[in-house]
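Q: coords below, sequence missing:
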């Protein structure tokens with residue numbers, strides 16, 4: 001993998017072909033979010049959106065804990081000189097932290113999540129901004145803010161109830177209890193469970209599969225997934241979907257895909 005300079009010490013950003021790999025790198029602090037980590041994630045998501053060669057991202061973490069949420073020892077703005085960079089950027093991007101945590105301005109390209117160990121509070125909140133989720137057998141989830149007298153500011157009271165049944169979302173949010181990987185799978189919060197230590201391999205394989213598909217088509221599907229919420233009447237949503245979908249059929253990629261099917265060969269997509 002090629003390491004990119006936009007990363008920080010606590011958030012590594014690498015390129016693996018058409019895949020952007022974002023790694024939380026603060027295992028000594030259970031990968032709790034700190035300002036440099038937020039800066040790295042923010043830059044990564046903006047690069048994912050702007051670089052046409054990137055077709056998918058994988059979000060993972062080093063160590064045996066995916067993420068324990070915000071570092072409560074320093075608070076959301078961090079402490080000391082470590083906070084200088086994020087404070088400077090926030091003058092231009094006031095919601096940088098929400099973009100980093102995939103609450104605001106989510107990329108129009110898929111993000112595959114790879115979770116090992118605990119993903120609590122912000123660790124489960126950022127999960128809800130991803131698109132395909134792989135977890136290890138030992139993964140544990142939970143939106144635990146109420147247990148600390150806090151509120152889940154990254155959007156769980158809105159998103160969680162839309163992604164799993166309301167009563168299950170209410171139980172997670174109001175009790176703050178831990179949720180096992182098997183429960184998360186049964187409830188539809190994650191896509192699959194793999195053996196411990198294998199989540200990154202599985203996530204990269206999924207990303208590679210997405211990367212082989214037509215990038216214009218994938219981006220159009222993502223636009224529809226992002227923008228056409230369940231609250232829209234079906235007829236209105238279908239009309240908006242048509243507006244996104246019909247232009248795809250006029251692209252070079254669409255012609256190449258159909259031609260390759262006829263010729264019984266893999267398509268060579270150019271993103272045009």
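A: Received the coordinates, thanks. Since this is a predicted model, take the numbers as computed values, not measurements.
Q: Please make it C-alpha for all contacts and neighbour counts, starting now.
A: Noted.
Q: Just list what the helix ranked longest in the chain packs against, helices and strands only.
A: Counting residues, the longest helix in the chain under DSSP state H turns out to be helix 35-50. For helix 35-50, the helices and strands in contact under the criterion 3 or more Cα pairs under 8 Å, 6 or more residues apart in numbering; DSSP states H and E are strand 11-16, strand 19-24, helix 84-92, helix 96-100.
Q: Run the angle between it and strand 19-24 for me.
A: Direction vectors for helix 35-50 and strand 19-24, defined by axes from the mean of the first three to the mean of the last three Cα atoms, to 10 degrees, enclose an angle of 170 degrees.
Q: for the helix or strand just after helix 35-50, what is the average pLDDT?
A: Secondary structure here is assigned by DSSP states H and E; on that basis, the next helix or strand after helix 35-50 toward the C-terminus is strand 56-61. Rounded to a whole number, the mean pLDDT of strand 56-61 is 98.
Q: Quick check: can you name the pairing partners of strand 56-61 and their directions?
A: Sheet partners assigned to strand 56-61 using DSSP bridges are listed as strand 19-24 (parallel), strand 111-115 (parallel).
Q: Next, the buried residues of stretch 95-110.
A: Of the residues in stretch 95-110, 96-103, 106-110 count as buried by neighbour count, 16 or more other Cα atoms under 10 Å.
Q: Let me have those residues in JSON lines, adding distance to residue 147 as columns.
A: As requested, those are exported to JSON lines (distance: Cα to Cα, whole Å):
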{"residue": "96", "distance to residue 147": "26"}
{"residue": "97", "distance to residue 147": "23"}
{"residue": "98", "distance to residue 147": "22"}
{"residue": "99", "distance to residue 147": "25"}
{"residue": "100", "distance to residue 147": "24"}
{"residue": "101", "distance to residue 147": "21"}
{"residue": "102", "distance to residue 147": "23"}
{"residue": "103", "distance to residue 147": "22"}
{"residue": "106", "distance to residue 147": "28"}
{"residue": "107", "distance to residue 147": "31"}
{"residue": "108", "distance to residue 147": "34"}
{"residue": "109", "distance to residue 147": "34"}
{"residue": "110", "distance to residue 147": "32"}
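Q: if we can go back for a sec, to residue 260, which of the helices and strands packed on helix 35-50 lies closest?
A: Taking Cα to Cα as the criterion, strand 19-24 is the member of those that comes nearest to residue 260, at 23.4 Å.
Q: so how far is the longest helix of the chain from its chain's centroid?
A: Going by Cα atoms, centre = their mean, to the nearest Å, the spacing between the C-alpha centre of helix 35-50 and its chain's C-alpha centre is 12 Å.
Q: One more: stretch 14-34?
A: Centre to centre, stretch against its chain (Cα atoms, centre = their mean), the figure for stretch 14-34 is 12 Å.
Q: So which of the strands paired with strand 56-61 is the most surrounded?
A: Highest mean neighbour count among the strands paired with strand 56-61 (mean count of other Cα atoms under 10 Å): strand 111-115, with a mean of 29.
Q: got the contact list for the helix or strand following it?
A: Proceeding N to C from strand 111-115, the next assigned helix or strand is strand 118-120, under DSSP H and E. The list of residues contacting strand 118-120 from outside it, by Cα atoms under 8 Å, 6 or more residues apart in numbering, reads 64-69, 138-144, 178.
Q: what's the neighbour count on residue 268?
A: Number of residues near residue 268 (other Cα atoms under 10 Å) recorded here: 13.
Q: got a list of what it touches?
A: For residue 268, the contacting residues are 256-257, taking Cα under 8 Å, 6+ apart as the criterion.
Q: element containing it?
A: In this structure, residue 268 is located outside every helix and strand according to DSSP H and E.
Q: Would you quantify the distance from it to residue 259?
A: Computed as Cα to Cα, to the nearest Å, the residue 268 to residue 259 distance reads 10 Å.
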